[in-house]
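Q: Quick one, structure for this:
(one chain, ligands or ions: 1)
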Amino acid sequence: MDSNTTKVFSFIKNIIISPLDVLSPKHCFVCEKSITADTNVDFVCDECYYNFPLAPAPDIIMNRLAENFPPDDFAISNAIALFKVAQNSDYMKIIHSIKYYGFRRVGFQLGCELGKLIKNQLDESYDYIVPVPIHSARFRERGFNQAEILAKGIAQILNVNVHNKLIKRVRYTTTQTLLSGEERKTNVMNVFSGYNKNTKLNNEQILVVDDVLTTGSTINECAKTLLNIGARRVDIASLAVAG
Ligand SMILES: [Zn+2]
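A: Have a look, this model is predicted:
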């Protein structure tokens, strides 16, 4: 094959992997230096990869979350996250690349990393992995759910199926970013329901997945909805915790 044919083939291969990923330049998403050698994940240079701020251990995340809810309103049994990100951190660019641009390759690889952490740290087996649903109108507008992209990576490592038809988002909520803790809770109240009127679980253990964990009010609503339709236990996994 001449070099042009090779280029065309590699272009087509990239499109098949993901139409959006082909737009991502081969430079570090964090420090923006170009990446020349092989790296652990192909969108971050090794230096930034090893300096990634890691999330606290599950018991610390759980203690922090529990402070935000009255005990009888807290539906999460355990929580795990890979990274800790501050709002203005350069590492936030990675989260945004998945959330707003749907970089599937990035999300999938990080989902796999999160999956390995879950496998090593949580002694639980799950029946289903459930991405936090986005509203159908938002899905039409964006064409992807970032939590589902991550869930697929986790699913590959844990060998558990992703189930995105157990619960759905019934209200289109405004962004939570500028709201206080209490406002966030009110904003997401009754946002989710069972996927259909007849959707029922039978004592399954569920792992709910999201990209960023802040007060936990959204993901706690998911957990409540899953318990209401018959789940036995709901743990959560997030790519990052805010902090
Ligand atoms: Zn870098």
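
Q: Now residue 212: phi and psi?
A: Note on residue 212: its backbone torsions stand at phi -130, psi 130 [degrees, to the nearest 10].

Q: tell me which element the residue lying closest to it once chain neighbours are set aside is part of?
A: With C-beta to C-beta, 6 or more residues apart in numbering as the criterion, residue 212 has its nearest non-adjacent residue at 5.1 Å, and that residue is residue 240. Quick note: C-beta positions are derived from backbone N, CA and C, even for glycine. Here residue 240, judged by DSSP states H and E, is contained in strand 233-242.

Q: Centre of the chain to that strand, how far?
A: Offset of strand 233-242 from its chain centre (C-alpha atoms, centre = their mean, to the nearest Å): 8 Å.

Q: helix or strand for the residue nearest to residue 61 when sequence neighbours are not counted, which one?
A: What sits nearest to residue 61 in space, not counting adjacent residues and going by C-beta to C-beta, 6+ apart, is residue 79, at 4.5 Å. Element membership for residue 79 (DSSP H and E) is strand 78-85.

Q: so after that strand, what's the next helix or strand?
A: Scanning forward in sequence from strand 78-85 by DSSP H and E, the next helix or strand is helix 92-99.

Q: all helices for the chain, in order.
A: In the chain, the segments counted as helices under DSSP state H are 3-17, 46-50, 58-66, 92-99, 104-121, 136-142, 146-158, 181-188, 217-228.

Q: can you give me how far the second one is from the chain middle?
A: Here the centre of mass of C-alpha atoms in helix 46-50, compared against the chain's by C-alpha atoms, centre = their mean, lies 21 Å away.

Q: burial count for the closest residue to residue 107 other than its chain neighbours?
A: Nearest in space to residue 107, with sequence neighbours left out and distances taken as C-beta to C-beta, 6+ apart, is residue 149 at 3.5 Å. Residue 149 has 25 neighbours, counted by other C-beta atoms under 10 Å.

Q: For this structure, what lies in contact range of the ion?
A: For the chain, the residues in contact with the ion (C-beta under 5 Å from the ion) are 28, 30, 31, 45, 48.

Q: how is the protein carved up into domains?
A: The chain breaks down by automatic domain parsing into domains covering 1-51, 52-242.

Q: For the ones you listed, which has the smallest mean pLDDT value?
A: Confidence, taken as mean pLDDT, is least for domain 1-51 of those (a mean of 66).

Q: residues touching residue 234, list them.
A: 75, 76, 77, 205, 206, 207, 208, 222, 223, 226, 227 (C-beta atoms under 8 Å, 6 or more residues apart in numbering).

Q: and the nearest residue to it once chain neighbours are set aside, how many neighbours?
A: Computed as C-beta to C-beta, 6+ apart, the closest residue to residue 234 that is not its neighbour in sequence is residue 223, at 4.0 Å. The number of residues packed around residue 223, counting by other C-beta under 10 Å, is 26.

Q: And for residue 227?
A: By other C-beta under 10 Å, the residues close to residue 227 number 17.

Q: Then residue 218?
A: Residue 218 has 23 neighbouring residues, counting by other C-beta under 10 Å.

Q: and the gap between the closest residue in space to it that isn't next to it in sequence and residue 46?
A: Spatial nearest neighbour of residue 218, chain neighbours left out: residue 188 (5.0 Å); criterion: C-beta to C-beta, 6+ apart. Using C-beta to C-beta, to the nearest Å, we find residue 188 at a distance of 39 Å from residue 46.

Q: Tell me which of these two has more neighbours.
A: More crowded of residue 188 and residue 46, by other C-beta under 10 Å: residue 188, with 21 against 14.

Q: give the contact list for that one.
A: Applying C-beta under 8 Å, 6+ apart to residue 188 gives the contacts 173, 176, 217, 218, 221.

Q: Having no further points to raise, I will conclude here.
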